[in-house]
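Chemist: Here is a sequence with its predicted model. Questions after.
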Number of protein chains: 2
Amino acid sequence: MAQKPSIPRGTRDFSPIEVAKRNYIFNIIKSAFQNFGFQPIETPSFENLETLTGKYGEEGDKLIFKILNSGDKVKKADLKALEDGNLARFSNSLSEKALRYDLTVPFARYVVQHQNDITFPFKRYQIQPVWRADRPANGRFREFFQCDADVVGSKSLWQEVEFVQLYDKVFSNLGLNGVTIKINNRKILSGIAEVIGAKDKLIDFTVALDKLDKIGEDGVKNEMLTKGISAEAIEKVQPLFSFSGNLDEKLAQLKGLLSSSEEGMQGISELEFVFDAINVLGLETATLDLDITLARGLNYYTGAIFEVAAPEGVKMGSIGGGGRYDDLTGIFGLKDVSGVGISFGLDRIYLVLEALDLFPETVSDKVDVLCVNFGEKEALASMRLIKVLREAGKSAELFPDNKNMKKQMNYANKRNIPYVIIIGGNELENNTCVVKNMKNGTQLEVPFDEVLTAF
Amino acid sequence: MAQKPSIPRGTRDFSPIEVAKRNYIFNIIKSAFQNFGFQPIETPSFENLETLTGKYGEEGDKLIFKILNSGDKVKKADLKALEDGNLARFSNSLSEKALRYDLTVPFARYVVQHQNDITFPFKRYQIQPVWRADRPANGRFREFFQCDADVVGSKSLWQEVEFVQLYDKVFSNLGLNGVTIKINNRKILSGIAEVIGAKDKLIDFTVALDKLDKIGEDGVKNEMLTKGISAEAIEKVQPLFSFSGNLDEKLAQLKGLLSSSEEGMQGISELEFVFDAINVLGLETATLDLDITLARGLNYYTGAIFEVAAPEGVKMGSIGGGGRYDDLTGIFGLKDVSGVGISFGLDRIYLVLEALDLFPETVSDKVDVLCVNFGEKEALASMRLIKVLREAGKSAELFPDNKNMKKQMNYANKRNIPYVIIIGGNELENNTCVVKNMKNGTQLEVPFDEVLTAF
């Protein structure tokens, strides 16, 4: 009985040309990671359930794909929990493993588990798929790749400098000029909250401030009021709503605002270190900019916060992000290991390159040469030729069946194969072959042994 | 509360050097696939449950990892099935999706789903992980990669020829000389069963014959008897138990044995086609051999059957296998599409290369240059140098912290970094740097702008 084939919602098949384009991006990212001294690791697709639960907040936990226990183990289903409507407990009684939700928690687990084999500071990169039981939407998938680079084991700000360079390098190599690397510092945000006397409301404050672009000054202020931040407090940070000027001017405004906050001033000084270094070292095509609204909605970062915006004119959310987190591995028992890292948003980068027509023509799924097939003897001669071509690095293939010429030429056209080689009876007799250029239609008869000269 | 970190049984973390070695193998396989005109596709990690169930036999079905439905959907648990002890039905009421068990069924699904976008014959390769809820054992994992190349949409035997060449190419490029590509043909096995009048027992017969190496002539005969194949029938194929000689002699024996079976003679003729072609085309380092016991335990192949054995002296099961199957896509409603394909056993190939010390020294996880860190000014100068080195294609990094020299040198040694660059106060003043070769200990002071000359 035939089934109508389909795939689960939120997942994707990738065709040859899509794989080629994705690999083009992956390879540029990988090369840059390696060029900067990062080493690759890979972790299993599924982790023990307890490794993942409780790490992503209540909402995150719900989005973890759990793997159903196999065989007899499902007998342990907690039916009482089902009866009580405690679906989480019921689910957990049926599952011990879950699909990776991100690369950060598995990385923290890896560092702690292998801490005796690792030379710190440990610069690792990891490019693997993750899974989330999110509602599928335009650009939101249930399976997607993350590309992360992190350093753990050092608090040096040179790493922040390096990550700015790394972003610049990758996007320059992708030909995606004009991205903005936005930077902020959690300590500045804390300092602001401290100054306005709303330190316990830091998360509410930053989440609201982060929306300045989207909902405007009044919207942000309303949200802050709703969250219990006083009008006086908001008044104190009025300069932040019209924060502008060049970098030095911005920093000067901030210093005025935060002079009474030690933590805030520390954040400014960290930012200045990064800006000064990048000023000397230069960037290829990206711009580094201070964005005081940048919080990335996460109660997670403790120092620098990064986000990358696509070039102006391209409508797209952030195409990269990251920051410093001071206690990555504490959840697994290894204290005081500071980390800093960044991530590249593959799917969005793909869409941006597509929109700007930036994939090079050489990124393709095509073969270089097709040999047509006129029967057994001719095909054998073609296979000898194909061997020579392949050894010379050309991808080449024989049309497998002795079908009529039109069919074979159609195949070459449909697959965009640039050269077709014809060995028929005459060529076989003369020890030659005809090389046809499919773009301009020209044909060239060359001796069999000199086929490589025809390209 | 700290958790003791671990990973699920049967899964693995891969360290940087392991990732580098695995990628070395992947890249050689990929390059050969592309060189031969195969195109990559990728399919989702999980498929709809009904896409996978019923495709791998009863035992296989049990090894499929199912994904637990999220959220409220678990309310649909079929408690009656649990009560009745029908665990499979209970599990299925909790799951709609399952992890990929192999790459062949998803490929068949892909071909049918995208048949209107595909130009046939379609030569695809796919390198992705698969998951099996198997009992973990030495060399048997619950997550592992498969590397498959298949052609669908043509019955041409040139494809069998090409797959022999492809195996030869990959193993030659891996430096793994002396592998044996064993070939057989299902039609020969069918012919034998026909001749002995045990056509309905073909599977039992081939499964038993496949064990000749392991349990010997008597063992195989006993198993055949147990399965209901008569002593007379076994007597008729006595030559198979001492099947030997060179290829021509073997083929002559087979022709005698199978002269009354049209299907058997067809199988011999197909084999001869492949042998004749390979004879003309030649192989680099592999040997092609007829192995009449090769059945690969599968009631699946309909023509050629392949298996690759590691070089003599290396104890290892098959490191590759494949064959022709005449109705791959029928299960999804697309009839009469013949396919033929091969697979590479990554984990075993890895073990063989390790055992024979065949990984090149250049496969490594190390960076080329470490710049030591003597403080802010020196580090900034080092970062300028590092930028030059990276642009020249060298992977380079700064030790992030201004720690004592010994610590930094220890780091370089532990990570096997071959060159260390030192910029201290003197060098800063003189606009020079000291390049230290960590292998032989020599040091060279060069002008800052000429650092590349020191390598």
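Modeler: Happy to help now that I have it.
Chemist: Spell out which residues of the stretch 251-400 of chain A are next to chain B.
Modeler: A:277, A:280-281, A:330-333, A:365, A:367, A:373, A:379-380, A:383-384, A:387, A:390, A:393-398, A:400 (Cβ under 8 Å from any Cβ of the partner chain). C-beta here means a position set from N, CA and C on the backbone, and glycine is covered the same way.
Chemist: So how do I select the buried members of these in PyMOL?
Modeler: A single PyMOL command selects the buried members of those (16 or more other Cβ atoms under 10 Å in any protein chain shown):
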select buried, chain A and resi 277+281+331+332+365+367+373+379+380+383+384+390+394+395+396+397+398+400
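Chemist: Filter the residues of the stretch 251-400 of chain A next to chain B down to just the ones in strands.
Modeler: A:396, A:397, A:398 (DSSP state E).
Chemist: Closest one of those to chain B?
Modeler: Closest approach to chain B among these (Cβ to the nearest Cβ): residue A:397, at 3.3 Å.
Chemist: Specify the local secondary structure of the residue lying closest to that closest one once chain neighbours are set aside.
Modeler: Excluding its sequence neighbours, the residue lying closest to residue A:397 (Cβ to Cβ, 6 or more residues apart in numbering or on different chains) is residue B:37, at 3.3 Å. Counting by DSSP: H, G, I helix; E, B strand; the rest coil, the backbone at residue B:37 sits in coil.
Chemist: what does residue A:119 give?
Modeler: coil.
Chemist: That one against residue B:408, yeah?
Modeler: No. Judged on Cβ atoms under 8 Å, residue A:119 makes no contact with residue B:408 at a distance of 11.7 Å.
Chemist: quick one, which of the two is more surrounded?
Modeler: residue B:408 (20 against 15; other Cβ atoms under 10 Å in any protein chain shown).
Chemist: distance of that one from residue B:327?
Modeler: From residue B:408 over to residue B:327 the distance is 64 Å, taken as Cβ to Cβ, to the nearest Å.
Chemist: Could you do residue A:315 as well?
Modeler: Using Cβ to Cβ, residue A:315 is found at 48 Å from residue B:327.
Chemist: How far away from the center of its chain is the host helix or strand of residue A:172?
Modeler: Using DSSP states H and E, residue A:172 sits within helix A:158-173. Remark: helix A:158-173 is offset 14 Å from the chain centroid, using Cα atoms, centre = their mean, to the nearest Å.
Chemist: And chain B, is that helix touching that?
Modeler: Yes. Using Cβ under 8 Å from any Cβ, helix A:158-173 comes into contact with chain B via A:158, A:159, A:161, A:162, A:165, A:169.
Chemist: what's downstream of the helix or strand of chain A with the lowest mean pLDDT, the next helix or strand?
Modeler: Taking mean pLDDT, DSSP states H and E as the measure, chain A has helix A:202-209 as its least confident helix or strand, at a mean of 81. Note on helix A:202-209: by DSSP H and E, the next helix or strand toward the C-terminus is helix A:212-226.
Chemist: how far does that next one sit from the chain's center?
Modeler: 30 Å.
Chemist: Does anything pack onto that helix? Which helices or strands?
Modeler: With contacts defined as 3 or more Cβ pairs under 8 Å, 6 or more residues apart in numbering or on different chains; DSSP states H and E, helix A:212-226 has these neighbours: helix A:202-209, helix A:231-236.
Chemist: contacts for that helix?
Modeler: Helix A:212-226 is contacted by residues A:204, A:205, A:208, A:209, A:211, A:231, A:233, A:234, A:241, A:293 when judged by Cβ atoms under 8 Å, 6 or more residues apart in numbering or on different chains.
Chemist: angle of that helix against helix A:202-209?
Modeler: 140 degrees (axes from the mean of the first three to the mean of the last three Cα atoms, to 10 degrees).
Chemist: avg pLDDT for helix A:212-226?
Modeler: Averaged over helix A:212-226, pLDDT sits at 91.
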